[in-house]
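1. Okay, here's the prediction I keep looking at, along with the sequence it came from:
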Number of protein chains: 2
Amino acid sequence: MASTPNKRTGRRIRSVEIAFTILDAIRANEATSVTELADELGHSKSTIHSHLRTLESQEIIVRQDDGYRLSLQLLDMANDVREQVANYEVIVDEVDKLASETGEIAHFGLEEHGKVAYLYKAMGTQAVETVSRPGGKQPMYSTSLGKAILAFLPADRRREILEHVSFAPKTPKTITDPERFADELDVITDQGYAIDDEENIEGLRCVAAPVKNENTVLGAVSVSGPVSRSTDEVLHGELAESVQRTANVIELNTKFS
Amino acid sequence: MASTPNKRTGRRIRSVEIAFTILDAIRANEATSVTELADELGHSKSTIHSHLRTLESQEIIVRQDDGYRLSLQLLDMANDVREQVANYEVIVDEVDKLASETGEIAHFGLEEHGKVAYLYKAMGTQAVETVSRPGGKQPMYSTSLGKAILAFLPADRRREILEHVSFAPKTPKTITDPERFADELDVITDQGYAIDDEENIEGLRCVAAPVKNENTVLGAVSVSGPVSRSTDEVLHGELAESVQRTANVIELNTKFS
DNA sequence: ATTTTGGTTCCCTTCTGGGGAACAGACTTA
DNA sequence: TAAGTCTGTTCCCCAGAAGGGAACCAAAAT
């Protein structure tokens, strides 16, 4: 368990960083040709050129018309990502069930680099539209998923994440005071689930429960609904119960790791 | 239309290549820790170390227990990949329809780096299991998708791909003679669809039709079924008709690019 | 025919980044 | 508890990698 030394130390490799900057620009469609990329990123055309050639030979990008786009190999890598997460199939099944039971949006998310990343999302029949998508990231302090994970993470890991976090308000209701946030986590640890009361997106309330594994946390499950339907009673009542039950099932089905 | 100069020329950036080698090893779970990677890839521990740090700071990989795994950011990139392909939603809808109409497996694939890459896959009710998955690659010469694409690609692009291909038999029925393959392409161009008669996987026959766009080909749609159900009559009859109809709908719905 | 635009190549120079070796923790074994 | 082993980390060195500038081309635009 060598999880402590996570500080941003050690040497970086410049050309690799440049390569990923280029990928990012292509991915966001900010620039797709040699000259555009050179202008956008402030590198010489020759530099961009050799990088593009390298990425192309690795089959990461592909020539299309007069520019480049990401190659489908990334879809393949995405498959591998899912396989590397313990028990992806079970998660899909259970989150689907949760969404159809509640009719709302259900998510599974896990902690990465101090943020919550969505692994899977299922829409219930009356689910509101959200912009979340698998792979997307949100702050931990303003989401039910993040808070549920934080509350049950081993103390040292939690401390480390909190040290690096800067509390920026996402809505007027976002908790930005570290003291108050610590209290909130205590409440969550006690009651076993976390609430997001329009702290991340206005008009949206969520409940989340952690999926634990031995002494750590694999991730969390949540349900999100519009304020109109999500009264305190519903949130703390049936929804809290549902997410906890789902989290439990996933826990039990997680054999190894 | 600067598609001709595609030869493997130009300078590569060594450290970027190393970075992707490392990613590949992590992705395949061949090695996940510094020492393992160093041994596996024949680099010094310090080299691997700084690469891992770089990839981690780019949030491409993530520490897990005593090793590394791919981060969920790759799922996010996969979303972007799909968005960069013209008309992904239409393709999904139509391929789904095709699969449920025929009951078999339906695919959409496109050409990348001289191979066919699957973009999307839908399973009909009686579909046989195949190992294909989105992002996966297959040779062009042994698949119906690949042949359909090749047959309708502009002559210069086709020539260029064929120059770099080496015909390796995937099954006893794979066409490996360039002459015969050229004839096959002519037939396909005439009849408007391509057949794979157990040329890629034994026991599996497929039909595919190209999705054209202006003077080039976006990709192709296919249906695959077991030999038992896929008689010549069925293949050349209703299935050929179905894939062509689907391809047509997708074509018509492709506004720009 | 001339200009412009974007991609490619070449060369030069710097400083990056790969490797070796030493170091430091964590865990094992005696 | 001490010696031994196995990681990951840091430090340093110097060969050569890689970024940049400029020239060079090809194609498109005027």
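-> That came through fine.
2. And the strands in the stretch 1-150 of chain A, which stretches?
-> Taking DSSP state E, counting those that start in this stretch, the strands of the stretch 1-150 of chain A run over residues A:61-64, A:67-70, A:105-112, A:115-123, A:137-139.
3. Which elements pack onto the first one?
-> Strand A:61-64 makes packing contacts with helix A:45-57, strand A:67-70 when contacts are defined by 3 or more C-beta pairs under 8 Å, 6 or more residues apart in numbering or on different chains; DSSP states H and E. C-beta here means a position set from N, CA and C on the backbone, and glycine is covered the same way.
4. Let's see that with 7 Å instead.
-> strand A:67-70 (3 or more C-beta pairs under 7 Å, 6 or more residues apart in numbering or on different chains; DSSP states H and E).
5. The strand it packs on near chain B anywhere?
-> Yes: Strand A:67-70 comes into contact with chain B (C-beta under 7 Å from any C-beta of the partner chain), by way of A:69-70.
6. Which elements pack onto that strand?
-> Looks like strand A:67-70 contacts helix A:14-27, strand A:61-64, helix B:73-84 (3+ C-beta pairs under 7 Å, 6+ apart).
7. Quick check: residues of chain A near DNA strand C?
-> A:1-2, A:11-16, A:33-36, A:45-46, A:49-50, A:52, A:66-67 (C-beta under 7 Å from any atom of the strand).
8. which parts of the helix or strand bottoming out on mean pLDDT in chain A are buried?
-> Ranked by mean pLDDT, DSSP states H and E, the weakest helix or strand in chain A is helix A:155-164, scoring a mean of 90. For helix A:155-164, the neighbour count (16 or more other C-beta atoms under 10 Å in any protein chain shown) marks A:157-158, A:160-162 as buried.
9. between it and strand A:105-112, how big is the angle?
-> With axes from the mean of the first three to the mean of the last three C-alpha atoms, to 10 degrees defining the directions, helix A:155-164 sits at 90 degrees from strand A:105-112.
10. Could you report the neighbour count for residue A:14?
-> Residue A:14: 10 surrounding residues under other C-beta atoms under 10 Å in any protein chain shown.
11. ok, now which ones touch residue A:225?
-> Contact partners of residue A:225, counting by C-beta atoms under 7 Å, 6 or more residues apart in numbering or on different chains, are A:104, A:205.
12. returning to that earlier point: how about CSV for the helices and strands packed on strand A:67-70, with distance to residue A:217 and mean pLDDT added?
-> Shown next, in CSV, are the helices and strands packed on strand A:67-70 (distance: least, C-beta to C-beta, whole Å; pLDDT from 0 to 100):
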stretch, distance to residue A:217, mean pLDDT
helix A:14-27, 29, 98
strand A:61-64, 36, 93
helix B:73-84, 20, 95
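13. possible to save the ones you listed as TSV with distance to residue A:149?
-> TSV is the format used below for these (distance: least, C-beta to C-beta, whole Å):
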stretch	distance to residue A:149
helix A:14-27	26
strand A:61-64	34
helix B:73-84	18
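14. Any idea which of those gets closest to residue A:192?
-> Among those, the nearest to residue A:192 by C-beta to C-beta is helix B:73-84 (28.3 Å).
15. Buried members of the residues of chain A next to DNA strand C into PyMOL, please.
-> For the buried members of those, the matching PyMOL selection, counting by 16+ other C-beta under 10 Å, is:
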select buried, chain A and resi 13+15+16+34+49+50+52+67
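16. how about the nearest residue to the residue in the stretch 51-200 of chain A that DNA strand C sits nearest to, chain neighbours excluded?
-> Residue nearest to DNA strand C within the stretch 51-200 of chain A: residue A:66 (5.8 Å; C-beta to the nearest atom of the strand). Sequence neighbours aside, residue A:33 is the residue nearest to residue A:66 in space, at 6.1 Å (criterion: C-beta to C-beta, 6 or more residues apart in numbering or on different chains).
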